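Chemist: sequence and predicted structure below; questions after.
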2 protein chains.
Amino acid sequence: MKEQTSTEEKIITAATGIFLQKGKDGARMQEIADYAGINKALLHYYFRSKDRLYDEVFKRELKKFFTGIFTSVKDTEDAKIFIRSFINLYTDRIAKNQNLVHFIISEIEKGGASISSVIVESMQKNKMQPLIITNKIQDAIAKKQLRNIDPVNLMISLIGLCLYPFLAKPILEKTFLGVNVTSPEFLARRKKEVFDLVWNGIKYENEK
Amino acid sequence: MKEQTSTEEKIITAATGIFLQKGKDGARMQEIADYAGINKALLHYYFRSKDRLYDEVFKRELKKFFTGIFTSVKDTEDAKIFIRSFINLYTDRIAKNQNLVHFIISEIEKGGASISSVIVESMQKNKMQPLIITNKIQDAIAKKQLRNIDPVNLMISLIGLCLYPFLAKPILEKTFLGVNVTSPEFLARRKKEVFDLVWNGIKYENEK
DNA sequence: GTCTATATCATGATAGAC
DNA sequence: GTCTATCATGATATAGAC
């Protein structure tokens, strides 16, 4: 097994860093080449164009991001544990991949519908259909563990509650002075507050 | 009172549309000029550079967005009504200014700390200090209307719950088939679901 | 596979006539 | 104030030597 990092790998690594930081338009092929320690021409030798290089980088990062997000959640039976696991897992996962969040959003801005198909495709390959989760919520409602809520809205709320602080980090930290969104202290507190909010918000009245 | 739209106004209007759609890097001065029905040189005559034009557009849009968001909320005394008003008002306001949401996020991606100061400045001018709201929450906790929650996290959650669907619209609509984030039906349901979630999530146990 | 050098092109910005 | 024509720059992409 080769230990050396291939040129292709070096390019991908460099490109990922630059694209993540500056976006597709802001990134310069020269800068990527410099960062990879190679010549600009080699970028076009390995990847035909900037567009293709970007796509390649984007897909790889998406895969990394989604892999494992839902897998460890989908076998949970108890609704309360499921909610807590989802919040903790999703938050931690995003905390470790903050740049990719910007990446995704930056793509949305471009109006690119391409991203959606990539995500859906990625979810299907990893058997992470949203139906699995909404069905689980329906079951919990039937079992009177949860109020009669709309599963889709709950999912949107869950994701939004976990994701938003990272999306709006600069704004939040300037608006609410003293907050450091990515600090372990804030994240721990955030996970607790979100869980308490959501669980109290959706549990069936008799549920503890 | 002059009815005619001045050249400067035409430029601003055109630039707003293009910048909103393509972002600062993606926008072309030529396209803005075409869209405004004038020559490229005039853009530089009225606004010295692309950067300044962008800043001008950005500030105007921010003002429009924030004006009135908090004003009609800050006089509310009852916590329950306050929460409901905030959710309804914020959601409706965003629904009417969806492009600006992309605008703001697009700026965050650029790492621009500039946006934050603009927002804070804009908030202060409109007397919309976040403290007003967090203090209100503290009062409601003291009056045992609300559980002992963290006011800052509640604010972040409220904004996130309202904002996220618009941010992630393309993804959500591809992931949860049948959802149309900007349809009146979805928005009405969303507002209700979010309020029920939040109010049940934060109300004091004896509170109705 | 990797480099240097260069072609090609698009963009932001300006000069100068009217 | 508004236009045409042009500059200067910097980017992607390629040709061709090694």
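Modeler: Perfect, I can see it now. Numbering: from 1, shown residues only, chains lettered A, B, ... in the order given.
Chemist: just the C-alpha atoms of stretch A:29-40, please, in CSV.
Modeler: Provided in CSV are the C-alpha atoms of stretch A:29-40 (Å, rounded to 0.1, in the frame of the first residue of the first chain):
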residue,chain,number,x,y,z
MET,A,29,-6.5,28.2,-10.2
GLN,A,30,-3.1,29.7,-9.6
GLU,A,31,-3.7,29.7,-5.8
ILE,A,32,-4.8,26.1,-5.9
ALA,A,33,-1.7,25.2,-7.8
ASP,A,34,0.6,27.1,-5.4
TYR,A,35,-1.1,25.5,-2.4
ALA,A,36,-0.6,22.1,-3.9
GLY,A,37,3.0,22.8,-4.7
ILE,A,38,2.6,22.1,-8.4
ASN,A,39,2.2,24.0,-11.6
LYS,A,40,-1.0,25.5,-12.8
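Chemist: does it come close to chain B?
Modeler: No. If you take C-beta under 8 Å from any C-beta of the partner chain as the test, stretch A:29-40 misses chain B, and the best it gets is 14.2 Å. C-beta: built from backbone N, CA, C; applies to glycine.
Chemist: distance between that stretch and the chain's centre?
Modeler: 28 Å (C-alpha atoms, centre = their mean, to the nearest Å).
Chemist: ok, then the element right after the lowest-mean-pLDDT helix or strand in chain A?
Modeler: When the helices and strands of chain A are compared on mean pLDDT, DSSP states H and E, helix A:114-125 comes out lowest with a mean of 67. Going down the chain from helix A:114-125, the next helix or strand is helix A:130-142, by DSSP states H and E.
Chemist: from the contact counts, what lies against that next one?
Modeler: helix A:79-96, helix A:151-167 (3 or more C-beta pairs under 8 Å, 6 or more residues apart in numbering or on different chains; DSSP states H and E).
Chemist: show the average pLDDT along it.
Modeler: The predicted model assigns helix A:130-142 a mean pLDDT of 86.
Chemist: the inter-axis angle of that helix versus helix A:151-167?
Modeler: With axes from the mean of the first three to the mean of the last three C-alpha atoms, to 10 degrees defining the directions, helix A:130-142 sits at 120 degrees from helix A:151-167.
Chemist: list the buried residues for helix A:130-142?
Modeler: For helix A:130-142, burial by neighbour count (16 or more other C-beta atoms under 10 Å in any protein chain shown) applies to A:Pro130, A:Ile133, A:Thr134, A:Lys136, A:Ile137, A:Ala140, A:Ile141.
Chemist: wait, the last one sits on A:Ile149?
Modeler: Yes. Judged on C-beta atoms under 8 Å, A:Ile141 makes contact with A:Ile149 at a distance of 7.0 Å.
Chemist: now the residue with the largest distance to the centre of chain A. Its backbone dihedrals?
Modeler: What lies farthest from the middle of chain A is A:Asn206; by C-alpha atoms, centre = their mean that is 34.3 Å. As for A:Asn206, its main-chain torsions (degrees, to the nearest 10) stand at phi -80, psi -10.
Chemist: one more: A:Phe176?
Modeler: Torsion angles, degrees, to the nearest 10, at A:Phe176: phi -100, psi 90.
Chemist: now do A:Ala27
Modeler: Dihedral angles (degrees, to the nearest 10) for A:Ala27: phi -70, psi 140.
Chemist: the closest residue to it other than its chain neighbours: neighbour count?
Modeler: Spatially, and ignoring its direct neighbours in sequence, A:Ala27 is nearest to A:Ile18 (4.7 Å; C-beta to C-beta, 6 or more residues apart in numbering or on different chains). By the criterion of other C-beta atoms under 10 Å in any protein chain shown, A:Ile18 has 22 neighbours.
Chemist: okay then, goodbye and thanks.
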